[in-house]
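**Student:** here is my input; please provide its structure:
(chains A and B)
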Number of protein chains: 2
Amino acid sequence: MRWIRYSINHQKHYGILEGDRVQQVKGDPFDGYEVEQIFHPLSAVKIEIPVIPKTFYCAGLNYAEHVLEAAKKLGTSPNLPTQADIGYRANNALIAHEETVIIPADATEKIHYEGELVVVIGKTAKHLTMDNALDCVLGYTIGNDVSERTWQKSDRTLWRAKNSDTFKPMGPWIDTNFDPRGATTTVKVNGVVKTVYKTNDMIFDVATFLVAMTRYMTLVPGDVVWMGTDGHSPDLVSGDVVDIEISGLGVLTNPFKRATE
Amino acid sequence: MRWIRYSINHQKHYGILEGDRVQQVKGDPFDGYEVEQIFHPLSAVKIEIPVIPKTFYCAGLNYAEHVLEAAKKLGTSPNLPTQADIGYRANNALIAHEETVIIPADATEKIHYEGELVVVIGKTAKHLTMDNALDCVLGYTIGNDVSERTWQKSDRTLWRAKNSDTFKPMGPWIDTNFDPRGATTTVKVNGVVKTVYKTNDMIFDVATFLVAMTRYMTLVPGDVVWMGTDGHSPDLVSGDVVDIEISGLGVLTNPFKRATE
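**Tutor:** Below you'll find the model as predicted:
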């Protein structure tokens, strides 16, 4: 089942996507809903961010090749994480499928994509175990953890390097049946494949992160956990279009444009 | 004017606090409200978190003495920030005035308070200038950035060190007339004064942070910005009660209790 959040006639709704048809619901997948006898072709709606996170978690360094590559580029020693320490991103930066990533005018040329699997939490959870960890997951979507590497290196925090407005595309929908095992993440720039990796080839997998996090934190419906990325990105320029495909889940597409001032 | 968020008869409301009396409103201070002819004595309501942040910003190192003291304790060189790089905290950790901070059973004895001024954003804002920066501020409240220093030193991120459930008391209300200039922050443990500092003695003041942040980020109504702390805390133990007073603004009180498992 696929949950889609969309707008039509200036109203936002959740709906259930089947093929190319959206069935509108009253309510939402987190607090309850009723299906309505209202249908739209997918092409007739504007896709919105699938959920506005209560807390926006992000795993950061969670694939070995990406850690080694990042260290090489930053001129530091690679530091493979030894425990599942979760990080954070900011809601101001979220944009939807097909919306435009605006590169700030004073950003350097080091603008990179990071194609990520996103876990969407559906139930309140604390003290999860490896056996029941995935029971709190509503489904999965896709994120692009856009990063300005010069600021990432120079600043004390990741504020503008990763949380400038529009730097966090997420979508297009939430798939409740998706299983990361066996899936492949493929990132294309202007239709040309640039990165391919096994989606589940994480240092700490989804269940391991949820168990670690909920030892100290309560997850609530609407939280999201971005699972990190593998590989590396070329420098993106104004006019580029980035597609992040996770097989069996969908494709998140966003054009990039540099601000002129 | 003081905005208070509270519950009574299992319903949450915003109200306007005058002296010891709360006047209920319909709506909220962010999206609009109407006053109602319903009044409660302050003592009859349960005070709730004054706002659930859209994005929860936190300035981190923003008072010189705290930076120098922290470096000494961590055995590192003091690193006074040279620019206003904002950080983040997590909504899961928020609790209200008089609610209990639960120290996780496996936390070390290095549990510290950080009494902080909190800026509550009331208007959407981007590209603020030093002249108009404060126009987007609805008012101010108080935060306690509770920290487990051993985890802060050992972990790659601040997840459990600063964002364990209950580690972010905020309240008791939002004061729209408060001016940090001339105010004093006083922290007491069990009624004994432990830290006193000038609230506005920041490395980067409120306007400077808002200008820096909104160069890249859009602030929205309901965002909060915690402004950092000065001085240092003794190790807190189960049974301690911490009062953070900011003169002219209020007192945030929270007991601490260690979990037994």
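**Student:** host element of the residue of chain A most remote from its centre?
**Tutor:** Residue farthest from the centre of chain A, counting by CA atoms, centre = their mean, is residue A:37 at 30.7 Å. Here residue A:37, judged by DSSP states H and E, is contained in strand A:32-41.
**Student:** cool, and residue A:228?
**Tutor:** Using DSSP H and E, residue A:228 sits within no helix or strand.
**Student:** for the nearest residue to it once chain neighbours are set aside, what are its contacts?
**Tutor:** Closest residue to residue A:228 apart from its sequence neighbours, by CB to CB, 6 or more residues apart in numbering or on different chains: residue A:62 at 2.9 Å. For every residue, glycine as well, the C-beta is placed using N, CA and C. Residue A:62 makes contacts with A:81, A:202-204, A:227-229, as judged by CB atoms under 8 Å, 6 or more residues apart in numbering or on different chains.
**Student:** rerun at 7 Å
**Tutor:** By CB atoms under 7 Å, 6 or more residues apart in numbering or on different chains, the residues touching residue A:62 are A:202-204, A:227-228.
**Student:** list buried residues within those.
**Tutor:** A:202-204, A:227-228 (16 or more other CB atoms under 10 Å in any protein chain shown).
**Student:** restricting to C-alpha, output the strand holding residue A:37 in PDB.
**Tutor:** Presented in PDB, the C-alpha positions along strand A:32-41 are these (Å, rounded to 0.1, in the frame of the first residue of the first chain):
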ATOM      1  CA  GLY A  32      -6.700   7.400  11.700                       C
ATOM      2  CA  TYR A  33      -8.600   7.800   8.400                       C
ATOM      3  CA  GLU A  34     -11.700   6.900   6.400                       C
ATOM      4  CA  VAL A  35     -11.500   6.400   2.700                       C
ATOM      5  CA  GLU A  36     -13.600   8.700   0.600                       C
ATOM      6  CA  GLN A  37     -15.200   8.000  -2.800                       C
ATOM      7  CA  ILE A  38     -13.100  10.700  -4.400                       C
ATOM      8  CA  PHE A  39     -10.500   9.700  -7.000                       C
ATOM      9  CA  HIS A  40      -7.800  11.700  -8.800                       C
ATOM     10  CA  PRO A  41      -5.400  10.700 -11.500                       C
END
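**Student:** who's in contact with stretch A:174-183?
**Tutor:** With contact meaning CB under 7 Å, 6+ apart, stretch A:174-183 is reached by A:1-3, A:50, A:117, A:120, A:138-141, A:199-200, A:206, A:246-250.
**Student:** try stretch A:26-44
**Tutor:** Residues contacting stretch A:26-44 (CB under 7 Å, 6+ apart): A:3, A:8, A:14, A:16-17, A:20-25, A:122, A:138, A:221-222.
**Student:** quick one: it to chain centroid distance?
**Tutor:** Stretch A:26-44 has its C-alpha centroid displaced from the chain centroid by 22 Å (CA atoms, centre = their mean, to the nearest Å).
**Student:** then stretch A:204-212?
**Tutor:** So, by CA atoms, centre = their mean, the centroid of stretch A:204-212 is 17 Å from its chain's centroid.
**Student:** can you pull out the strands in the stretch 101-250 of chain A?
**Tutor:** Ranges of strands in the stretch 101-250 of chain A, per DSSP state E, counting those that start in this stretch, are A:101-103, A:111-112, A:115-121, A:137-144, A:147-148, A:168-175, A:184-189, A:192-198, A:224-226, A:241-246, A:250-258.
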